[in-house]
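[1] Sharing a model prediction with you, sequence too.
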Amino acid sequence: MTRPGDATRHYNARMEKLRIQGGRLLSGVVPIGGAKNAALPALAATLLTEQEVRLENVPAVRDVDTTCKLLQQLGVTVQRPSPGVVVTRGSGSTDSEAPYELVKTMRASFLVLGPLLARTGHGRVSLPGGCAIGARPVDRHLDGFVRLGAELRVEHGYVEARCSRLRGAEIAFDVPTVGGTENCMMAATLAQGVTVLRNAAREPEIIDLAMLLKRMGATITGAGTDTIRIEGVDQLHGAEHRVIPDRIEAGTYLIAGALAGEGLELINCCPDHLQSVIDKVRDAGVQVEVLADSLKVTRPALTLPVDLRTQPYPGFPTDMQAQFMVLMTQARGRSVIREAIFENRFMHVPELHRMGADISIDGRSAVVRGRTALSAARVMATDLRASSALVLAGLLAEGETVVDRLYHLDRGYEKLEIKLTAAGAVVQRFRE
Ligand code: EPZ
């Protein structure tokens, strides 16, 4: 029997780097994996039952390993019988603490608090703290739990939540929050009475989580809209569920195709989930062919500048901002990119400067002037999506680019160098 984490044992990413020879065209087929940001809440949701839950199409990425370890620490047995499959079975153990050591490496660990509170009446989770892209507080999660009747104690960097039985409530988010919507929706499934989430996040990952919860016996309507209604039930049971394709992985390879594609084909994806990205890439003059569960992309002779503002779904996703900025370095002209979701999500810009990009930052806006021929350099990843943007830049840059701190990349991209190599790129992972 494999242990959680075996599936991705290959990376000891602390020392590993990627070496990229730029200038190759990309063609052939890239298989898109399961969505990290759907798999993580789905794994947290397994805490809502002691019965067996089987998840399929779970990506072999580090954040999944971290979550599986956290579930085990919370008394859940976790098996990974084959690639993409995670089978969990809850235990009666009442150990309901998510320690700082784990939460600090992955904010999404905070998603276990809602399920723990709902099923065991108690949860103690380290506050996630900030990260490279911003403060990322969890006040909206906590406000939701209080409205559901939980008593909170925040001390020593931990949140302790207690409640004998949660009660349905009206929760209105002042600004949509993906994690807050997920945490409160999970908690509300076992509350007494009806909960209504207003100004809820509308991401496809919310719809996918609601689908899993309904398969577990929850009563939920409105997922995917800004108003979600949950009618609490006494308990949830086991279920089977296949995680949706990763729209950000697909978007990342779409940009790779926009930069260097010759009929590059992305399969096993869900084009509907990245319509706003497809629209902006087409505005840039890129030819994108959309089929039922695949995309085909070829780089244009001339890339056009496009202004952009990141927004909650269905707007342009913040998780695609860094990747799109690389495309804009190849556009003839000036484009303005506004990051409206996170306060510090331009960490890729200094690294792109070192590759010759002409980008100036003014608060939450970046002005990109193209076209610039990027030149290879040693660059350093700072966060998950910034690191994928540096890889994209390396695909173009004349010479050999080395991307350091791959542990950022391995959090959310499965076998990225293998998929790119299969499409014609020259990318190697090595240890220095
Ligand atoms: C999710 O993070 C994603 N992570 C992020 O993807 C993604 O960038 C983000 O949603 C926005 O789409 C997962 O799904 C695991 P939010 P989350 O709560 O839930 C503020 C990646 O690269 N806020 O929607 O943390 C917050 O600071 C990651 O895969 C509060 O102020 O995002 C941010 O500015 C990066 N108080 C904004 O709202 C709160 O209580 C959106 O955050 C919660 C959020």
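    Happy to help now that I have it.
[2] Near the ligand, which residues of the chain? Just list them.
    37, 40, 107-108, 134-141, 175, 177-180, 201, 318-319, 341-342, 384-385, 412 (CB under 6 Å from any ligand atom). Backbone N, C-alpha and C define where each C-beta goes, glycine included.
[3] And the residue of the stretch 151-300 of the chain closest to the ligand?
    Going by CB to the nearest ligand atom, the ligand is nearest to Gly179 of the stretch 151-300 of the chain, at 2.9 Å.
[4] How is this protein divided into domains?
    The chain breaks down into these domains under automatic domain parsing: 6-33+245-431, 36-242.
[5] Need those in TSV (columns: mean pLDDT).
    Output for the domains of the chain, formatted as TSV (pLDDT from 0 to 100):
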stretch	mean pLDDT
domain 6-33+245-431	95
domain 36-242	94
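[6] Can you add mean neighbour count and give those back as a markdown table?
    As requested, those are exported to a markdown table (neighbours: other CB atoms under 10 Å):
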| stretch | mean neighbour count |
| --- | --- |
| domain 6-33+245-431 | 20 |
| domain 36-242 | 20 |
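[7] Would you quantify the distance from the nearest residue to Gly90 once chain neighbours are set aside to Ile244?
    The spatially closest residue to Gly90, leaving aside those adjacent along the chain, is Glu50, at 3.6 Å (CB to CB, 6 or more residues apart in numbering). Here the distance between Glu50 and Ile244 works out to 26 Å (CB to CB, to the nearest Å).
[8] try Asp279
    Between Asp279 and Ile244 the distance, using CB to CB, works out to 20 Å.
[9] What of Ala42?
    For Ala42, the distance to Ile244 - CB to CB - is 10 Å.
[10] Identify the contacts common to the two.
    Shared contacts of Ala42 and Ile244 (CB atoms under 8 Å, 6 or more residues apart in numbering): Asp208.
[11] Mind listing the residues bridging to Thr225?
    Ala223 (DSSP bridges).
[12] I figured it hits Ala200, correct?
    Yes: A contact is recorded between Thr225 and Ala200 when judged using CB atoms under 8 Å, the distance being 7.4 Å.
[13] what about stretch 296-310, start to end distance?
    This stretch, stretch 296-310, spans 24 Å end to end (CA to CA, to the nearest Å).
[14] who are the neighbours in contact with the closest residue to Phe145 other than its chain neighbours?
    Distance criterion CB to CB, 6+ apart; nearest residue to Phe145, sequence neighbours excluded, is Ala161 at 5.6 Å. Counting by CB under 8 Å, 6+ apart, Ala161 touches Leu113, Leu116, Leu117, His122, Gly123, Arg124, Val125, Phe145, Ala150, Glu151, Leu152.
[15] those strands in the stretch 101-250 of the chain, which residues are they?
    When assigned using DSSP state E, counting those that start in this stretch, the strands of the stretch 101-250 of the chain occupy the ranges 122-126, 151-155, 158-162, 170-172, 194-198, 219-221, 227-231, 239-242.
[16] what's in contact with the last one?
    It refers to strand 239-242. By CB under 8 Å, 6+ apart, the surrounding residues in contact with strand 239-242 are Gly34, Ala42, Val53, Arg54, Leu55, Glu56, Asn57, Met211, Leu212, Arg215, Met216, Gly217.
[17] now what about stretch 353-364, what contacts it?
    Here stretch 353-364 makes contact (CB under 8 Å, 6+ apart) with 325-326, 329, 338-340, 343, 346, 349, 352, 366-370, 372-377, 379, 393, 397, 401.
[18] From those, which land in helices?
    Using DSSP state H to define helices, the subset of the contacts of stretch 353-364 located there is Met325, Val326, Val349, Leu352, Ala393.
[19] gap between the last one and Leu40?
    Right, Ala393. Distance check for Ala393 against Leu40: by CB to CB, it reads 27 Å.
[20] Look at the residue nearest to Gly90 and tell me its secondary structure.
    Classification of Glu50 by DSSP: H, G, I helix; E, B strand; the rest coil places it in coil.
[21] In this structure it contacts Gly75, no?
    No: here Glu50 does not reach Gly75: they are 9.6 Å apart, not a contact under CB under 8 Å.
[22] helices or strands up against the helix or strand hosting Gly251?
    Taking DSSP states H and E as the criterion, the element that holds Gly251 is helix 247-260. When contacts are defined as 3 or more CB pairs under 8 Å, 6 or more residues apart in numbering; DSSP states H and E, helix 247-260 sits against helix 36-45, strand 264-267, helix 275-283, strand 294-298, helix 321-328, helix 384-396.
[23] List the strands paired with the fourth one, with their directions.
    Strands flanking strand 294-298 in the sheet, each with its direction: strand 264-267 (antiparallel), strand 287-290 (antiparallel) (DSSP bridges).
[24] do you know which of these lies nearest Thr303?
    Comparing the strands paired with strand 294-298 against Thr303 with CB to CB, the closest turns out to be strand 287-290 (11.5 Å).
[25] Is the nearest residue to Gly356 once chain neighbours are set aside bridged to anything, and to what?
    Spatial nearest neighbour of Gly356, chain neighbours left out: Ser375 (4.8 Å); criterion: CB to CB, 6+ apart. Listed beta-bridge partners, Ser375: Glu398 (assigned using DSSP bridges).
[26] Now do Ser375 against the ligand, distance only.
    For Ser375, the distance to the ligand under the criterion CB to the nearest ligand atom, to the nearest Å works out to 27 Å.
[27] For that residue, give me its contacts.
    Met355, Gly356, Ala397, Glu398, Gly399.
[28] of all these, which two lie farthest apart?
    Gly356 and Gly399 (11.0 Å).
[29] nearest residue to Ile230 other than its sequence neighbours?
    Once chain neighbours are set aside, the closest to Ile230 by CB to CB, 6+ apart is Ala188, at 4.0 Å.
[30] What is the nearest of the contacts of strand 239-242 to Gly261?
    When the contacts of strand 239-242 are compared for distance to Gly261 (CB to CB), Gly34 wins out at 23.2 Å.
[31] separation between the closest residue to the closest one other than its chain neighbours and the ligand?
    The spatially closest residue to Gly34, leaving aside those adjacent along the chain, is Asn57, at 3.6 Å (CB to CB, 6+ apart). According to CB to the nearest ligand atom, Asn57 and the ligand sit 16 Å apart.
[32] thought Asn57 was touching Val243?
    Yes: proximity of Asn57 to Val243 meets the contact threshold set by CB under 8 Å, at 4.5 Å.
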